[in-house]
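Colleague: Here you go, sequence then predicted model.
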Amino acid sequence: MKKRTILYLVSALLLIGIVGTAFYYYQSNTTAKTEQKVLGETTKKEVTYKGQNGVTALSLLEKNAKIETSGTGEMVFVTSINGVKANSKSEYWQLNVDGKSASVGAGSYITKDTETITWKLATF
């Protein structure tokens, strides 16, 4: 009788361990996919993410990527995204909203949930 009880207890603990491990793996995988969706498509020369009502394009970029900037406030200029630096002699990081170049800087542009924000390494 004691052996059967111990066997049931060990089996139950093993099952709990398997289910817990599977749940942890699923949660980790789901979190990674969610983070990827927030940032959206990313290549070395382009970063895309969804806008968020009332949040500047710069704030969202800072939340979703490692960036370097020059200047301050509304006049901030993005010089590097995720380690890709613009060559100051021929390139710049261009802010686009729904496929069109933004008319104001990233520190001033207030995004909307319905917008797609894209940063492209552009040349001049």
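Modeller: Alright, I've got the coordinates.

Colleague: Now Asn53: closest residue in space, sequence neighbours ignored.
Modeller: Asp113 (5.1 Å; Cβ to Cβ, 6 or more residues apart in numbering). Every residue, glycine included, has its C-beta placed from N, CA and C.

Colleague: Please name the residues that touch that neighbour.
Modeller: Lys50, Gly51, Gln52, Asn53 (Cβ atoms under 8 Å, 6 or more residues apart in numbering).

Colleague: Dump those residues into a markdown table; add pLDDT, secondary structure and distance to Thr79 as well.
Modeller: Formatted as a markdown table, these follow (pLDDT from 0 to 100; DSSP: H, G, I helix; E, B strand; the rest coil; distance: Cβ to Cβ, whole Å):
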| residue | pLDDT | secondary structure | distance to Thr79 |
| --- | --- | --- | --- |
| Lys50 | 95 | strand | 24 |
| Gly51 | 96 | coil | 22 |
| Gln52 | 97 | coil | 23 |
| Asn53 | 97 | coil | 27 |
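
Colleague: quick one: secondary structure of the closest residue to Ala122 other than its chain neighbours?
Modeller: Spatial nearest neighbour of Ala122, chain neighbours left out: Gln94 (4.1 Å); criterion: Cβ to Cβ, 6+ apart. In three-state terms, and counting by DSSP: H, G, I helix; E, B strand; the rest coil, Gln94 is strand.

Colleague: wait, what's in contact with Gln94?
Modeller: By Cβ under 8 Å, 6+ apart, the contact list for Gln94 reads Ser101, Trp119, Lys120, Leu121, Ala122.

Colleague: so which strand or helix has the third one?
Modeller: Looking back up the chat, that one is Lys120. strand 116-123 (DSSP states H and E).
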